[in-house]
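**Student:** Sharing a model prediction with you, sequence too.
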2 protein chains.
Amino acid sequence: MRKRKGILVICDGLGDRPNPQLGAKTPLEYARTPNLDYLAKNGICGNVHPIAPGIRVGTDVGHMEIFGCSSDEFYPGRGPLEAFSAGLDIETNDVAFRGNFGTIDDERLVLDRRAGRITKDTDLLASSLNGMLLSDGTRVLVKELTAHRVAIVFKGKNLSVHIQTPDPHSSGNGEKLLEIKALTEEASAIQTAKNLEEFTQKSYEILKEHPVNKQRVQEGLLPANVIITRGVGQKKFIPNKSSEFGIKAICIAGDQTVGGIAKLVGFDYYTCDEFTGGFDTNIMKKAEKAVELLKADYDWVILHMKATDLAGHDNLPLKKVEMIEKVDHIFGYLKEHLNKEEYYISFTADHSTPCACKDHTGDPVPTLIYGDDVRVDSVSQAGETDFNHGGIDQMTAQDIFMVQMDLMGFTKKRGA
Amino acid sequence: MRKRKGILVICDGLGDRPNPQLGAKTPLEYARTPNLDYLAKNGICGNVHPIAPGIRVGTDVGHMEIFGCSSDEFYPGRGPLEAFSAGLDIETNDVAFRGNFGTIDDERLVLDRRAGRITKDTDLLASSLNGMLLSDGTRVLVKELTAHRVAIVFKGKNLSVHIQTPDPHSSGNGEKLLEIKALTEEASAIQTAKNLEEFTQKSYEILKEHPVNKQRVQEGLLPANVIITRGVGQKKFIPNKSSEFGIKAICIAGDQTVGGIAKLVGFDYYTCDEFTGGFDTNIMKKAEKAVELLKADYDWVILHMKATDLAGHDNLPLKKVEMIEKVDHIFGYLKEHLNKEEYYISFTADHSTPCACKDHTGDPVPTLIYGDDVRVDSVSQAGETDFNHGGIDQMTAQDIFMVQMDLMGFTKKRGA
């Protein structure tokens, strides 16, 4: 089978619904997108389900599916994913959490579950806890992530995920830490709950005396005096898609979670300081890097852009339109530098984040694939409504992964 | 429920992609097909996935799915299918292989894995090995197939499929037979590997001294001095679709593999010398036979045509167009002889074989069903692009099997 290369641009949270601020058009329909329109007119298009109709997914699950992995089978929970992103060593029987640096008082009243959105010196705070030994011999790894976020791994014997973690998921209205307790009667659950209680209490005792926090209090800032955990999970076997298909793939992203998931399925990950995961990211530089990597030895480059999702969460439809127009600009660049006889150019999203909903929804996501031998359909411009008539409409994210692998020539034949 | 009869024409490898030699049309779109266009305009159409989007299948798997069998559940591997096609007795615990007559030297260097594409006297070579008794009491059945191909069955105790077979899959560049070995530590795998090693060595010792080979060497031809095996598998339970639906069905094909799969799912099989499985097959005679069988007591006739696939593998788009126009001609005949109030006329493919790819791809296959009470959709001509808007678009081959059974009145009601 002949082989070709391809690029997939993922606009996080791109899908939307008709918005009253945009004359009942979606941001993608409202935006001026001459390049995406060209690709839509000369490619195959459709609205694609991240998993199935009406199923809402997070960024992590959405990307696992785009990368061809069933999240039903392989999603390990957010804790292990964050531990992996942070570079922590996590093995099969360990238990991992994601957590926040938060602010509590002696009665465990949660004053702020993000410690005033602390951004500085969390590396010093994390390292004061990293390596902690609990009474039963369990060792704790702690590593800071972006801003107030932190990854935690328990390395011990007979640990369980069947426990209630303390994060109340909101604060400032009299919420206390939830009681840390076993959710089953297994000895392992009871022991893990004891361990988490011990870790939470010790983190409070150590952090409240930490010089970084003494300094913060002097400056009138909230002290980051506890780690509030959630997202407990264990490592699972995850298929290596790079070996499975014999494809050399890399993900370019500012967002660490997306990069972590790419690594988890066996892809390489490229980032740099100018890829911020925010509205100010340098997307043209991402496109240039993508072309450079494709012209080198990569078969498949995934280019991720977070800003469309942020605009959805903040209900900023015009900002979302602006970000889509920026993305359209890079498609002009890609089209110019990657000829259609050698490269496929594709476009999708991990989920919809309609501005008016300010959260992810289960709506399918606008998707297209362009190349010189795709079976061009009758769609003539980019947009959720138009894509209803496309040749890949109603497929799933995993289908689209397989369709791309098949077009590029990386699938194996079943039977003979 | 009232019953009707139906004919399904399968054009092997028919699906294609826009081809530069055909003005960016597919062969089906480029071909002059007044009869198929008529059926498309007055029937229900769609592009149908052999299994799911982007999944590439072989002819064997593709036909199992068209005949309503999940290949995931029931595909036994190519060895047992070939043994079945060859008429060998294969039981549940036997292990079967497909193989080639090949040419090796004393060091097991593979000079030609097809023994100069031997076509003559393979029946004599096969019968010199048939019935061989191995040291552990396993008996070996050997039966020639078309050209250099051969089917092998091991009948013994505690046999396993978890072994590496010796076929290097290419030859003439210094390849040796692969080491025959167990792939697991099970005693059955170790014993089966020993058996296959013994059979391979004995086949060499017997065949190199065979008069047919002495004669070949004298004529300057490569001797067929070994059997090189691959495609190991065991018989699986395969549902009998004929009993399951109470339908009397028959497959008309020149291709033995297709005929074998039809028999495997419980259908009858009809062939004759004029059905060659090549470009020169007598397709009009197939159509006449189909009408004759339908007017007799068959409920469902499947008419298979291989030539479209061959044209795809050989990258001959104009030859593929010519074959499609031949097929179109027989649809004129079928339309004339089978009135639409009594018969459904359907059309599909087992997979796509785009000429430019020279191999099977995962693209969905153009499919239509015509009859006086189908819900006619808006499609007005036959072709991959037009079928995107059809009423059966994006279904799977198994779906289409069920839709045909249901239209003909052979499905059972679930519930009451």
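**Tutor:** Sure thing, it's come through.
**Student:** drop to CA atoms for contacts and neighbour counts, all remaining ones
**Tutor:** OK.
**Student:** List of residues touching the longest strand anywhere in chain A?
**Tutor:** Identified as the longest strand of chain A according to DSSP state E is strand A:95-104. Identification of contacts with strand A:95-104 by CA atoms under 8 Å, 6 or more residues apart in numbering or on different chains yields A:78-80, A:82-83, A:90, A:110-115, A:118, A:148-155, A:159-161, A:222-235.
**Student:** again with stretch A:162-175
**Tutor:** Here stretch A:162-175 has contacts from A:109-113, A:176-184, A:189-190, A:192-193, A:228-232, using CA under 8 Å, 6+ apart.
**Student:** Quick check: mean pLDDT of it?
**Tutor:** For stretch A:162-175, mean pLDDT rounds to 93.
**Student:** Repeat that for stretch A:34-41.
**Tutor:** 98.
**Student:** For that stretch, list every residue counted as buried.
**Tutor:** A:34-41 (16 or more other CA atoms under 10 Å in any protein chain shown).
**Student:** Among those, which one sits closest to residue A:342?
**Tutor:** residue A:39 (15.4 Å; CA to CA).
**Student:** three-state assignment of that closest one?
**Tutor:** helix (DSSP: H, G, I helix; E, B strand; the rest coil).
**Student:** ok so, going back, now the buried residues of stretch A:34-41 as TSV including distance to chain B?
**Tutor:** Output for those, formatted as TSV (distance: CA to the nearest CA, whole Å):
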residue	distance to chain B
A:34	23
A:35	21
A:36	21
A:37	19
A:38	17
A:39	16
A:40	15
A:41	13
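**Student:** Show only the entries of the contacts of strand A:95-104 found in helices.
**Tutor:** A:78-80, A:82-83 (DSSP state H).
**Student:** Quick check: of the residues you listed, which lies closest to chain B?
**Tutor:** residue A:78 (29.3 Å; CA to the nearest CA).
**Student:** how about that closest one, what does it touch?
**Tutor:** A:60, A:97-98, A:231-233.
**Student:** please redo it, this time with the cut-off set to 6 Å
**Tutor:** Counting by CA atoms under 6 Å, 6 or more residues apart in numbering or on different chains, residue A:78 makes contact with residue A:231.
**Student:** any idea how far it lies from residue A:347?
**Tutor:** Residue A:78 is 26 Å from residue A:347, where distance means CA to CA, to the nearest Å.
**Student:** near chain B, which residues of chain A show up?
**Tutor:** Within chain A, the positions near chain B by CA under 6 Å from any CA of the partner chain are A:373, A:375, A:377, A:391, A:399, A:402-403, A:406, A:413-416.
**Student:** Kindly supply the PyMOL command isolating those of the residues you listed that are buried.
**Tutor:** Filtering these down to the buried ones (16+ other CA under 10 Å) takes a single PyMOL command:
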select buried, chain A and resi 373+375+377+391+399+402+403+406+413+414+415
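**Student:** Which of the residues of chain A next to chain B fall within strands?
**Tutor:** Cross-referencing the residues of chain A next to chain B against strands under DSSP E gives A:413-414.
**Student:** Name the nearest residue to residue A:238, ignoring sequence neighbours.
**Tutor:** Nearest non-adjacent residue to residue A:238, counting by CA to CA, 6 or more residues apart in numbering or on different chains: residue A:74, 5.8 Å away.
**Student:** Now do the strands in the stretch 301-416 of chain A.
**Tutor:** Assigned by DSSP state E, counting those that start in this stretch, the stretch 301-416 of chain A shows strands spanning A:343-348, A:365-370, A:413-414.
**Student:** picking that back up, and the residue nearest to residue A:238, how many neighbours does it have?
**Tutor:** 15 (other CA atoms under 10 Å in any protein chain shown).
**Student:** what's it sitting at in phi/psi?
**Tutor:** Main-chain torsions, residue A:74, degrees, to the nearest 10: phi -120, psi -10.
**Student:** Between its first and last residues, how far does stretch A:405-416 reach?
**Tutor:** When the termini of stretch A:405-416 are compared using CA to CA, they are 19 Å apart.
**Student:** Average pLDDT for that stretch, rounded please.
**Tutor:** Stretch A:405-416 shows a mean pLDDT of 94.
**Student:** Show residues contacting that stretch.
**Tutor:** A:1-4, A:245, B:54, B:56-58, B:61.
**Student:** Tabulate those residues (JSON lines), appending neighbour count, secondary structure and distance to residue A:317.
**Tutor:** Below are the contacts of stretch A:405-416 laid out as JSON lines (neighbours: other CA atoms under 10 Å in any protein chain shown; DSSP: H, G, I helix; E, B strand; the rest coil; distance: CA to CA, whole Å):
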{"residue": "A:1", "neighbour count": "15", "secondary structure": "coil", "distance to residue A:317": "44"}
{"residue": "A:2", "neighbour count": "11", "secondary structure": "coil", "distance to residue A:317": "43"}
{"residue": "A:3", "neighbour count": "14", "secondary structure": "coil", "distance to residue A:317": "40"}
{"residue": "A:4", "neighbour count": "18", "secondary structure": "coil", "distance to residue A:317": "37"}
{"residue": "A:245", "neighbour count": "13", "secondary structure": "helix", "distance to residue A:317": "39"}
{"residue": "B:54", "neighbour count": "23", "secondary structure": "coil", "distance to residue A:317": "35"}
{"residue": "B:56", "neighbour count": "28", "secondary structure": "strand", "distance to residue A:317": "41"}
{"residue": "B:57", "neighbour count": "25", "secondary structure": "strand", "distance to residue A:317": "44"}
{"residue": "B:58", "neighbour count": "19", "secondary structure": "coil", "distance to residue A:317": "48"}
{"residue": "B:61", "neighbour count": "30", "secondary structure": "helix", "distance to residue A:317": "48"}
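**Student:** Widest-spaced pair of those?
**Tutor:** That would be A:4 and B:61, which, of the contacts of stretch A:405-416, are the farthest apart (CA to CA) at 25.7 Å.
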